[in-house]
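# Okay, sequence plus prediction incoming.
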Amino acid sequence: MPAIWIASLFRMLRRRAILQALVGNRSHGSSSSRSFGKGGKLAPLQERRMVDRLRIWAKGGEGGSGCQSTRRSRTDRHGRPDGGNGGRGGDVILECSASVWDLSNLQHHLNGKRGGNGTSKNMVGTRGADKVVQVPVGTVIHSVEGEAPVFLPENRGLQPWEITTEEPNPEEREEGETEIELTRPGQRVVVARGGDGGAGSFSEKAAAAGGGGGTEATVVLELKSIADVGLVGLPNAGKSTLLGSMSRAKPAVGDYPFTTLRPNIGSVELEELVSVRVADIPGIIRGAHQNRGLGHAFLRHIERTRVLAYVVDVAAAPPWEQLRDLVEELERHREGMAARPSVVVANKMDLEGAEEAVAELRRRVRGVAVVPVSAVLGEGVKQLKTEIRRLVDGGGAATALTLENITVD
């Protein structure tokens, strides 16, 4: 076969391959940004779950090596050592910030940067960059292995030349203290320290030394939301709707259980220049203390609240039985967890038979205020804010809801 025929055949095959590629891109270009599930169907968009517990391995950066150098001149033929020391390695620091709400931005392995090597003319190596990661307010750091974490001194409002260079002493911590709580934005905790730089020939008057290794530590981060009031109730009791009617928060609302997959926190204005933080805790079911349903993942968020607002659905199961189940789960998760000022919120008052249910609820529940509301219509929200203000301020008799205060047949 002549060579010219072979060249024409190759050109024809190449054009056909290019045309097929173009047609395939056009037909699938509109759906390339969506993921496909089984059977070629588009996978539904799902809400990203909250990450409130994470195990982290941290290691400080290694120190830089010292420099082996000798300075010679016309007047000093033998020379003198002038190698500088290595720079210190970077630390691993956790910084409390209000701009993050969970631990999803953290990696499981955190490493500080290595310090720079020393150079001649007795020049010290650069200090390794610190690995600083932000954690939300309410994070508890549990030390598992390695050196215990320590707080860094706060240097707000100081000039650069006024900032202290003293490092916190781990020996000042109380014996057996293995956890630290971050409750204020700006707090910084050192989890792993960088290694010291190696000595240069100028300091040792001999051979230079390598840098020291950084410390290693394994910690478990646990997030506990900080709020003044916690909305506690069974699934589909209307907690998210109630939070939306009390504040400007926009939580997901649906007519199915477990609509809320993460705690929602909203700021509720009680009066002018007076506001409280209200947390919508995901629904709690019977057996939650045994990690059923959403279980332990969200029961811990109730530990930080000052006031408990039990939201019950007056149109569903008997509301007094709902209260009994809620109090039992809180006490079984941690003894004394329900021993704080409480209020009962009788929600869905716009449904038929709600008045009779509330009257029976007030007869069976003693010592705790029962506030009827309709979160959908916004009725009773003002009275609920007044009761919350009284409990938060500590005015009057604030009673905790216990099993002895609930009468169940």
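Sure, I can see it.
# okay, residue 289: pLDDT?
With respect to pLDDT, residue 289 scores 46.
# Just the C-alpha atoms of stretch 343-352, please, in CSV.
This file holds the C-alpha atoms of stretch 343-352, laid out as CSV (Å, rounded to 0.1, in the frame of the first residue of the first chain):
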residue,chain,number,x,y,z
VAL,A,343,-39.7,25.5,82.0
VAL,A,344,-42.2,23.3,80.1
VAL,A,345,-43.2,24.6,76.7
ALA,A,346,-46.5,23.1,75.5
ASN,A,347,-46.2,23.5,71.7
LYS,A,348,-48.7,23.1,68.9
MET,A,349,-51.6,24.9,70.7
ASP,A,350,-53.2,25.6,67.4
LEU,A,351,-54.3,21.9,67.0
GLU,A,352,-57.6,20.5,68.2
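# in that stretch, what's buried?
For stretch 343-352, burial by neighbour count (16 or more other C-beta atoms under 10 Å) applies to 343, 344, 345, 346, 347, 348, 349. Yep, even glycine has a C-beta here, placed from its N, CA and C like the rest.
# what's the answer for stretch 93-113, then?
93-97, 100-103, 106, 110-113.
# farthest pair in those residues?
The largest separation in the buried residues of stretch 93-113, counting by C-beta to C-beta, is between 101 and 113 at 27.9 Å.
# Closest to residue 282 out of the buried residues of stretch 93-113?
Nearest to residue 282 among these, with distances taken as C-beta to C-beta, is residue 102, at 13.6 Å.
# Shouldn't the closest one be within a helix?
No - Residue 102 sits outside any helix when classified using DSSP: H, G, I helix; E, B strand; the rest coil, being coil.
# do you know how far it is from residue 92?
To residue 92, residue 102 is 20 Å away according to C-beta to C-beta, to the nearest Å.
# Quick check: which ranges of the stretch 101-250 of the chain have low pLDDT?
Applying pLDDT under 70 to the stretch 101-250 of the chain flags residues 154-178, 204-208, 225-226, 249-250.
# Which stretches in it count as strands?
109-111, 131-136, 139-146, 150-151, 179-182, 188-192, 216-223, 229-233 (DSSP state E, counting those that start in this stretch).
# can I get the ones you listed in TSV with distance to residue 327?
Output for the strands of the stretch 101-250 of the chain, formatted as TSV (distance: least, C-beta to C-beta, whole Å):
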stretch	distance to residue 327
strand 109-111	41
strand 131-136	29
strand 139-146	25
strand 150-151	37
strand 179-182	26
strand 188-192	35
strand 216-223	24
strand 229-233	9
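# Highest mean neighbour count out of these?
Comparing the strands of the stretch 101-250 of the chain by mean neighbour count (mean count of other C-beta atoms under 10 Å), strand 229-233 comes out on top with a mean of 27.
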